[in-house]
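J.: What shape does this take:
(4 chains)
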2 protein chains.
Amino acid sequence: MGEGQTRDVAARLHSASIRLLRTLRREDDGSGLSAPRLSALSYIVVEGPVSLAELAEAEQVRPPTMSRIVDALVDRGLVTRVVEPRDRRSVRIMATQEGSQLLVGGGERRVHALIGRLHKLADSERRALARGVEILERVAR
Amino acid sequence: MGEGQTRDVAARLHSASIRLLRTLRREDDGSGLSAPRLSALSYIVVEGPVSLAELAEAEQVRPPTMSRIVDALVDRGLVTRVVEPRDRRSVRIMATQEGSQLLVGGGERRVHALIGRLHKLADSERRALARGVEILERVAR
DNA sequence: GCACAATCATTAGCAATGCTAATTGGAGGC
DNA sequence: GCCTCCAATTAGCATTGCTAATGATTGTGC
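T.: Predicted coordinates for the structure are as follows:
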């Protein structure tokens, strides 16, 4: 594959990813949470108990910013903060039942919407996309 | 392809897209613009003259929010606002030379970084990814 | 064991971004 | 001409982002 074609794939992959996530983001309205809060909650639910530093790093914001977002999630009872006994400087942030349910209870709205779109594809296309996703996972790592 | 597999593809596509864009976002630092401003400028450069309403819709923010972002871009000389003569209520927003150069001049940092990653793939993988991107474009439309 | 540097999180204070409601200015109907 | 509708902006507020400074705890050197 030539240099120009590689550039073409890169540019199109970039803009298709942006468009996909923008489309799916419309599903977030029903959650009642802002985008940063929902994204943080999602990470907490999936990645289990995490430290504030890890969470901030993963969400690409600074610790003070994330500390406030966690405040808001705690206020709503979606998340708890527990001091880590091994190192009492740090905290374990984990989802409450309510927090997990808010996410999965909605059937994970975004994924659900995406499944609906995938159903419109031919089976061979879904397989080709699945293969592309495997490669994308390596590229995005 | 079964229902469970389709769900699996959807979930993985979703999170791989998030991870990809987060990775590439690190390239934005060099631009000197915040994420919303850079994203708006990018749309303006690519989509030529646009109205405020169209730009707000595309970026999924409300018109007042976008109006202020455009203010900031105008202040930096990256964009101009021209009253539309056909309908003097509306406005044509377009990039200046400087605005276009800021984007393409950096070689489009994100795409450039992505090309570097694609180079590490085997040729057959790049082709499979290219096929996946074609399908993704339809899914994301 | 004790001062001292390093580390994790939070607080303080500011700029930018997001919203809704209200306003301004112009277009179009009648 | 007047009234309604429409595009954009202004006003005012909450949230999100940052850096700098502070608190609290841990680890280190001696």
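J.: Where does whatever residue of chain A ends up closest to chain B fall, secondary structure wise?
T.: Per C-beta to the nearest C-beta, A:Gly132 is where chain A lies closest to chain B, at 1.7 Å. Quick note: C-beta positions are derived from backbone N, CA and C, even for glycine. Element membership for A:Gly132, per DSSP states H and E: helix A:123-140.
J.: Which strands or helices does the helix ranked longest in chain A pack on?
T.: If you go by DSSP state H, chain A has its longest helix at helix A:3-25. On a contact count with 3 or more C-beta pairs under 8 Å, 6 or more residues apart in numbering or on different chains; DSSP states H and E, helix A:3-25 meets helix A:109-118, helix B:3-25, helix B:109-118, helix B:123-140.
J.: what angle separates the second one from helix B:109-118?
T.: Pointing back at helix B:3-25 there. Here helix B:3-25 runs at an angle of 120 degrees relative to helix B:109-118 (axes from the mean of the first three to the mean of the last three C-alpha atoms, to 10 degrees).
J.: quick one: is the lowest-mean-pLDDT helix or strand in chain A near chain B?
T.: Sorting the helices and strands of chain A by mean pLDDT, DSSP states H and E puts helix A:97-105 at the bottom, at a mean of 88. No - using C-beta under 8 Å from any C-beta of the partner chain, helix A:97-105 stays clear of chain B, coming no nearer than 11.7 Å.
J.: For that helix, which outside residues touch it?
T.: Contacts to helix A:97-105, defined as C-beta atoms under 8 Å, 6 or more residues apart in numbering or on different chains, come from residues A:Ser31, A:Leu33, A:Leu41, A:Ser42, A:Ile44, A:Val45, A:Leu73, A:Gly77, A:Leu78, A:Val79, A:Ala95.
J.: and the residues you listed, which are buried?
T.: Buried by 16 or more other C-beta atoms under 10 Å in any protein chain shown: A:Ser31, A:Leu33, A:Leu41, A:Ser42, A:Ile44, A:Val45, A:Leu73, A:Leu78, A:Val79, A:Ala95, out of the contacts of helix A:97-105.
J.: The fourth one sits in which helix or strand?
T.: This means A:Ser42. Using DSSP H and E, A:Ser42 maps to helix A:35-47.
J.: buried stuff in the following helix or strand past that helix?
T.: Once the chain leaves helix A:35-47, the next helix or strand it forms, by DSSP H and E, is helix A:52-59. Going by neighbour count (16+ other C-beta under 10 Å), the buried part of helix A:52-59 is A:Leu52, A:Leu55, A:Ala56, A:Ala58, A:Glu59.
J.: Retrieve the pLDDT associated with the closest residue to the last one other than its chain neighbours.
T.: Closest residue to A:Glu59 apart from its sequence neighbours, by C-beta to C-beta, 6 or more residues apart in numbering or on different chains: A:Ala40 at 5.7 Å. With respect to pLDDT, A:Ala40 has a value of 96.
J.: before we move on, what about the one 3 residues further on?
T.: According to the model's per-residue confidence, A:Tyr43 sits at a pLDDT of 95.
J.: Next: A:Arg109.
T.: A:Arg109 is given a pLDDT of 84.
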